[in-house]
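Visitor: sequence and predicted structure below; questions after.
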Protein chains: 2
Amino acid sequence: MYVVLVYDISKDENGQKRWSHIFKICKKYLSHIQNSVFEGEISKVQLVKLQQELKVYIDSNLDSVILFKSRQQKWLDKEFWGKEDDKTSFIL
Amino acid sequence: MYVVLVYDISKDENGQKRWSHIFKICKKYLSHIQNSVFEGEISKVQLVKLQQELKVYIDSNLDSVILFKSRQQKWLDKEFWGKEDDKTSFIL
């Protein structure tokens, strides 16, 4: 399936460290397309693994992680209205 | 159609002001579900209007705005892996 994952990690409670862990985990499974947005094709099994890894770090009182799932990528068009490539990306 | 709009507005070049304008414009057309994420059903005409309004403020060298479009909302499942409601929302 094709997924888009967006997260908003609170700065509270050592948030920078959580953000860094969450970023690294997402990058293992998906492509980074915007500061806090990842996308990509992923299997059900891999998606479960991703969720399990993220659960360790997501603070469910503070952090928001939303996953949009589409069975087929062609059902979802993508448009860039600002800069196209992810100039904010960096290696962790 | 159903859309998900995610933005990342640079803090450079008076970015806070651009962010605030972009937030307000998106809120007129879509529902706010995460810090920089909006979603909702929108007609083609309204989407063009939204894009035209945003174009005034998006700096295409600095800001990233990505729009995911699906012809039908049912083609896109949504899951919350952290907190569900948008506690980061505020009125501008």
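Guide: Received, thanks. Residues are numbered from 1 along each chain as shown, chains lettered A, B, ... in the order given.

Visitor: what stretches of chain A score poorly on pLDDT?
Guide: A:85-92 (pLDDT under 70).

Visitor: tell me which parts of it are close to chain B?
Guide: Residues of chain A lying close to chain B (C-beta under 8 Å from any C-beta of the partner chain) are A:4, A:6-8, A:33-37, A:51, A:54-55, A:58-71, A:75-83, A:86, A:88. For glycine as for every other residue, the C-beta is placed from the backbone atoms N, C-alpha and C.

Visitor: which ones among the residues you listed map onto helices?
Guide: Taking DSSP state H, the ones among the residues of chain A next to chain B that sit in helices are A:Q51, A:L54, A:K55.

Visitor: quick one: the longest helix along chain A to chain centroid distance?
Guide: Secondary structure assigned by DSSP H gives helix A:15-29 as the longest helix of chain A. How far helix A:15-29 lies from its chain's middle: 9 Å, per C-alpha atoms, centre = their mean, to the nearest Å.

Visitor: which neighbouring elements make contact with that helix?
Guide: Helices and strands touching helix A:15-29, by 3 or more C-beta pairs under 8 Å, 6 or more residues apart in numbering or on different chains; DSSP states H and E, are strand A:2-8, strand A:37-41, helix A:44-55.

Visitor: residues of it that come out buried?
Guide: Buried residues in helix A:15-29, defined by neighbour count with 16 or more other C-beta atoms under 10 Å in any protein chain shown: A:R18, A:W19, A:H21, A:I22, A:F23, A:I25, A:C26, A:Y29.

Visitor: between strand A:2-8 and it, find me the angle.
Guide: For helix A:15-29 against strand A:2-8, the angle by axes from the mean of the first three to the mean of the last three C-alpha atoms, to 10 degrees is 170 degrees.

Visitor: got the angle for helix A:15-29 vs strand A:37-41?
Guide: 20 degrees.

Visitor: what's next to helix A:15-29, contact-wise?
Guide: Helix A:15-29 is contacted by residues A:5, A:7, A:9, A:32, A:38, A:40, A:42, A:46-47, A:49-50, A:53-54, A:56-59, A:62-63, A:65, A:92 when judged by C-beta atoms under 8 Å, 6 or more residues apart in numbering or on different chains.

Visitor: repeat that for stretch A:59-77.
Guide: Residues from elsewhere that reach stretch A:59-77 (C-beta under 8 Å, 6+ apart): A:1-10, A:12-13, A:15, A:18, A:22, A:41, A:54, A:58, B:4, B:33-35, B:37, B:68-71, B:75-83, B:86-88.

Visitor: drop anything exposed from those residues.
Guide: By 16+ other C-beta under 10 Å, these give A:2-10, A:18, A:22, A:54, A:58, B:4, B:33-35, B:37, B:68-70, B:76, B:81-83, B:86 as buried.
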